[in-house]
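A.B. asks: Requesting a structural model of the entry that follows:
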Amino acid sequence: LPWVVRMFFAASVGFSIPVYALFHTQALLFGLALTVVAFLGKFLSGAFAATSPHPWLSACQVGCAMIGRGELGFMMASESLESGLLGDIAFSATVWALVLATLGGPLLFKQAARLNSTVTHGHQLGHSHGHSQGHSHIHTAA
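C.D. replies: Next up, the predicted model:
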């Protein structure tokens, strides 16, 4: 049943997009600007989720995970278009920002997770290696 809901949701939003306005220069440029703001805002929201031992890594990973969340944005943009609050160009720019964030978010999250894994794994190896050297040094001195 969830796939039916997703298909209905995608079709309802898809049919409301004015294709002629979607590729208008102003919609593309404004959409890119909105995308940058959306990426930065959602990425920076990860700073509030920082945890130890690598707070910047957890903040980066949470921020990247937040970027791809745009389902509510599509619904709000569609309702705003239907009620006359948004024109075709503004709606198309909003759609661009939501689509780019939805597609780019998982890609950035994957990179952040890979970085987190690399740094965490490297830190554990270095920590355990240093500990074993110190431990063996104590045995040789005793």
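A.B. asks: Neighbours of residue 101, how many?
C.D. replies: Neighbourhood size, residue 101 [other C-beta atoms under 10 Å]: 22. Where C-beta positions appear, they are placed from N, C-alpha and C, glycine not excepted.
A.B. asks: Check which helices and strands the helix or strand harbouring residue 36 is in contact with.
C.D. replies: Using DSSP states H and E, residue 36 maps to helix 25-45. Packing contacts for helix 25-45, counted by 3 or more C-beta pairs under 8 Å, 6 or more residues apart in numbering; DSSP states H and E, involve helix 55-67, helix 88-141.
A.B. asks: Give me the buried positions along it.
C.D. replies: 27, 30-31, 34-35, 38-39, 42-43 (16 or more other C-beta atoms under 10 Å).
A.B. asks: ok, now stretch 104-115?
C.D. replies: Neighbour counts over stretch 104-115 (16+ other C-beta under 10 Å) mark 104-105, 108-109, 112 as buried.
A.B. asks: now swap in stretch 82-94 and tell me
C.D. replies: 86, 88-94.
A.B. asks: and the two most separated of these?
C.D. replies: 88 and 94 (10.7 Å; C-beta to C-beta).
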